[in-house]
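Colleague: Model the structure of this input:
(chains A and B, ligands or ions: 1)
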Amino acid sequence: MTNIPFNDTSYERFLNENKLMGSKCAQCGAVYAPPRPVCIKCHSGSMEWLEMSGKGKLSAFTCIAVGPPAMCNEGYDRNNPYCSGVVELDEGARVVARINGMNTKIPESINIGTLLKVAFLRRDEGDRVETILAFEPL
Amino acid sequence: MQRKRKLGRGVAIVGAGMSKFGMFRDRDTKDLFLEAFNEAMASVDKGMDPNDIDAIYFGNFSNDFFVHQAHWGPIISDLIGNVPKASTRTEGACASGALALREGVFAIASGFYDIVLAGGAEQLSKLPTEKVTEGLALATSPYEGKAGFTFPGVFGATASAYFKKYGANREHLMNVTIKSHNNAPLNPKAQFPQSISDVMKDKVQRAIDKGKPVPVWKDEREFLRDPLVNPVVAWPMHLFDCSPISDGGSCVIMVAEELARNFTDAPLHVIGLGQGSGSGLHAKEDLASFEATKYAAREAYELSGLRPDDVQVCEVHDCFSIAEIVHLEDLGFFAPGQGYKAVEEGLTQRDGPKPINTSGGLKCKGHPIGATGTAQIYEIWKQLRGEAGERQVPIDSLRIGAAHNLGGTGGTCTFTILERRG
Ligand SMILES: [Zn+2]
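Modeller: So this is what the prediction gives:
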């Protein structure tokens, strides 16, 4: 594991294996997801991989009615908005992710603080499969 | 900060110009910038020989994507006849223009150049909306795009966090929109020079002309609540919370302070200058604040020796209504959680104690990305020199103005404080 670079390519490969991986500073214990190669608290370059439990709570969100082409291809539009949000993981780190299982037509019904668990969405990109980080209500 | 910042020598603005902002089928980056440049040269009270311009700094976010042409420095230099002198493009997403201004200030302050042209332009409207959305999303943080975030989406999430933290709601955002639309009709260069009431009358008239059922709204707020005319884009951001797709150019002419009086008796001195950087949503400490704005403001206040209360008129980066509210707090004009109340109480109206976005803001003036930074400076130039016409703020002894420019989703923010002396 220590030979795997702490970069986005590794992070995305782990997502393809249904693993939400972060990095932990060996010096000060700070936890980062997505992984950082360098600790921004103590500037140590000594990091370790750490798998996140995949549990957290909603910190901020939006329900998007006008999405980019990739989201339109998934069938989202004005009549079917999707939710994207910021999730604070139990480990303390925050990630941005798709938020599923919410009533996106009534955003007022979505509550910050809602407990969530991780889900992994597969998107076929032709020559390869991409995994999108997502969360849904616990 | 390690020590107090300082400029090697003073820098003053002696001319400013901006093109009309809007969506133009028959115009491009070059002629929009030229329109701004011509106005800027003509605005130099005692005249300036264009051959005396030492160098150009040109802000442009992504004409590479929007019109498939990169490397804009020399194109602009060629356009105004400044070849073979240096011309450099700056990029900081929507703050690209302010970065041009800043580089120009440093170049003069260092003693290297005496006279610099700084500006920017962008041309968005020739692409369909989905492509523009895709192009703008290039300036979000990498993880945000994968999570489906659009530009309005990031600010929608910011609004959700702000609402939760301070108890504000969508009705408070409407106050920002209504205010911007009240200022815009007084700005002849604005893309949407209409109050919300004007927009309502327009829609009624159009329905009558087409023989369709005539819509009825009790007031501006009821209009903004109507999803048929103000649909959601990225909740709680609705159409009237978002700045438009625009084309336009703007620029300023800056000189070493000791030369300023050769060009005008009413130069604006650059007394505060700040720039900060910020992380994406996942790494922000406070989701209801922009750390880059706070840092830029601190730097600029420190350089100028001024406090937030000293700023008499300010252009604030209102790419989205929530951004204006949050920035009012991050710039120190109002305490955290008080920004939305200040707007509600009318404190930021043109005739209020802290006039914000007298130009109509990005929302109504328009937001041609690279042009926005120096277009904000243009408004402050007009206000501080008493040349803002009908939208002139009614403050006696107007002396201090400022402009706040934000790039991307808060990744690059600048704050510039200008002073009129004499
Ligand atoms: Zn550390």
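
Colleague: going forward, measure contacts between C-alpha atoms and count neighbours the same way
Modeller: Noted.

Colleague: so where is the chain shaky, pLDDT-wise?
Modeller: Because you didn't say which chain, this covers chain A. Counting by pLDDT under 70, the ranges of chain A that qualify are A:1-2.

Colleague: that's the wrong chain, I meant chain B
Modeller: In chain B, residues with pLDDT under 70: B:1-2.

Colleague: Number of residues surrounding the residue in it positioned nearest to the ion?
Modeller: As assessed by Cα to the ion, the ion sits closest to residue B:283 within chain B, at 15.1 Å. Neighbour count for residue B:283, taken as other Cα atoms under 10 Å in any protein chain shown: 17.

Colleague: Who does the spatially closest residue to it that is not a sequence neighbour form a beta bridge with?
Modeller: Spatial nearest neighbour of residue B:283, excluding adjacent residues (Cα to Cα, 6 or more residues apart in numbering or on different chains): residue A:94 at 6.6 Å. Beta-bridge partners of residue A:94, counted by DSSP bridges, are residue A:88.

Colleague: Near chain B, which residues of chain A? Just list them.
Modeller: A:59-69, A:71, A:84-86, A:93-98, A:107, A:112, A:132-134 (Cα under 8 Å from any Cα of the partner chain).

Colleague: contacting residues around residue B:353?
Modeller: B:312, B:347 (Cα atoms under 8 Å, 6 or more residues apart in numbering or on different chains).

Colleague: measure it to residue B:19 for me?
Modeller: Counting by Cα to Cα, to the nearest Å, the gap from residue B:353 to residue B:19 is 29 Å.

Colleague: same question, residue A:103
Modeller: Residue A:103 is 44 Å from residue B:19, by Cα to Cα.

Colleague: And these two? Which one has more around it.
Modeller: For the pair residue A:103 and residue B:19, the greater number of neighbours falls to residue B:19 (24 against 15), based on other Cα under 10 Å.

Colleague: Which elements pack onto whichever helix or strand residue B:197 is part of?
Modeller: For residue B:197, the host element (DSSP states H and E) is helix B:196-209. Counting contacts by 3 or more Cα pairs under 8 Å, 6 or more residues apart in numbering or on different chains; DSSP states H and E, helix B:196-209 packs against helix B:170-183, helix B:220-225.

Colleague: Give me the subset of the residues of chain A next to chain B that lies in helices.
Modeller: Mapping these onto helices (DSSP state H) picks out A:69, A:71.

Colleague: Buried by neighbour count, from the residues of chain A next to chain B: which ones?
Modeller: A:59-68, A:71, A:84-86, A:93-98, A:107, A:112, A:132-134 (16 or more other Cα atoms under 10 Å in any protein chain shown).

Colleague: Return only those of the residues you listed found close to the ion.
Modeller: Applying Cα under 5 Å from the ion, the subset of those adjacent to the ion is empty.

Colleague: Just the ones in strands from those residues, please.
Modeller: A:59-64, A:84-86, A:94-98, A:132-134 (DSSP state E).

Colleague: Which positions within whichever helix in chain A runs longest qualify as buried?
Modeller: Longest helix in chain A by number of residues, with DSSP H as the criterion: helix A:8-16. Within helix A:8-16, the residues that qualify as buried by neighbour count (16+ other Cα under 10 Å) are A:11, A:12, A:14, A:15, A:16.

Colleague: Show the subsequent helix or strand relative to it.
Modeller: Counting by DSSP H and E, what follows helix A:8-16 is strand A:21-25.

Colleague: For that following strand, what is the distance to the chain centroid?
Modeller: Offset of strand A:21-25 from its chain centre (Cα atoms, centre = their mean, to the nearest Å): 14 Å.

Colleague: can you tell me if the helix or strand just after it touches the ion.
Modeller: Using DSSP H and E, the helix or strand that follows strand A:21-25 in sequence is strand A:31-32. No: using Cα under 5 Å from the ion, strand A:31-32 stays clear of the ion, coming no nearer than 8.5 Å.

Colleague: Output the contacting helices and strands for the next helix or strand after strand A:31-32.
Modeller: Later in the chain than strand A:31-32, the nearest helix or strand by DSSP H and E is strand A:47-51. Applying 3+ Cα pairs under 8 Å, 6+ apart, one finds that strand A:47-51 contacts strand A:21-25.

Colleague: Can you list the strands that the strand it packs on pairs with?
Modeller: With DSSP bridges as the test, strand A:21-25 is paired with strand A:31-32 (antiparallel), strand A:47-51 (antiparallel).

Colleague: What residues sit buried inside stretch B:68-85?
Modeller: B:72, B:73, B:74, B:76, B:77, B:82.

Colleague: mind putting the strands paired with strand A:21-25 in CSV, mean neighbour count included?
Modeller: As requested, the strands paired with strand A:21-25 are arranged in CSV below (neighbours: other Cα atoms under 10 Å in any protein chain shown):
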stretch, mean neighbour count
strand A:31-32, 25
strand A:47-51, 20
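
Colleague: Columns distance to residue B:367 on top of those, output as CSV?
Modeller: Conversion of those to CSV gives the following (distance: least, Cα to Cα, whole Å):
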stretch, distance to residue B:367
strand A:31-32, 35
strand A:47-51, 42
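
Colleague: of all those strands, which lies closest to residue B:242?
Modeller: Of all those, it is strand A:31-32 that lies closest to residue B:242, at 32.5 Å by Cα to Cα.

Colleague: Show me what the closest one is in contact with.
Modeller: A:22, A:23, A:24, A:25, A:91, A:92, A:93, A:94.

Colleague: from those residues, which single one is nearest the ion?
Modeller: Nearest to the ion among the contacts of strand A:31-32: residue A:25, at 4.6 Å, using Cα to the ion.

Colleague: check contacts around that closest one.
Modeller: Contacts of residue A:25 (Cα under 8 Å, 6+ apart): A:31, A:38, A:39, A:44, A:45, A:46, A:47, A:48.

Colleague: interface residues of chain A facing the ion?
Modeller: A:25, A:28, A:39, A:42.

Colleague: Using ChimeraX, make a named selection holding only the buried ones among these.
Modeller: Filtering the residues of chain A next to the ion down to the buried ones (16+ other Cα under 10 Å) takes a single ChimeraX command:
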select /A:25,39
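
Colleague: the inter-axis angle of the helix holding residue B:197 versus helix B:170-183?
Modeller: Counting by axes from the mean of the first three to the mean of the last three Cα atoms, to 10 degrees, helix B:196-209 lies at 80 degrees to helix B:170-183.

Colleague: Check which residues of helix B:196-209 are buried.
Modeller: In helix B:196-209, counting by 16+ other Cα under 10 Å, buried: B:196, B:197, B:199, B:200, B:203, B:204.

Colleague: Go ahead and measure how far stretch B:197-211 is from the middle of the chain.
Modeller: Centre-to-centre, stretch B:197-211 and its host chain are 30 Å apart (Cα atoms, centre = their mean).

Colleague: Show me the strands in chain B, by range?
Modeller: Going by DSSP E, chain B shows strands at B:11-18, B:55-59, B:87-90, B:115-123, B:232-235, B:237-238, B:247-256, B:268-277, B:313-315, B:400-407, B:412-420.

Colleague: can I get those strands in TSV with distance to the ion and mean neighbour count?
Modeller: Formatted as TSV, these follow (distance: least, Cα to the ion, whole Å; neighbours: other Cα atoms under 10 Å in any protein chain shown):
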stretch	distance to the ion	mean neighbour count
strand B:11-18	42	29
strand B:55-59	37	30
strand B:87-90	34	23
strand B:115-123	40	32
strand B:232-235	36	26
strand B:237-238	37	26
strand B:247-256	44	31
strand B:268-277	21	24
strand B:313-315	39	27
strand B:400-407	29	27
strand B:412-420	25	27
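
Colleague: Grab the nearest non-local neighbour of the closest residue to chain A within the stretch 1-150 of chain B.
Modeller: Closest approach between the stretch 1-150 of chain B and chain A, counting by Cα to the nearest Cα: residue B:147, at 4.6 Å. Distances taken as Cα to Cα, 6+ apart place residue A:97 nearest to residue B:147, at 4.6 Å, with adjacent residues excluded.

Colleague: surely the one you found meets residue A:82?
Modeller: No: here residue A:97 lies out of contact with residue A:82, judged by Cα atoms under 8 Å, at a distance of 11.3 Å.
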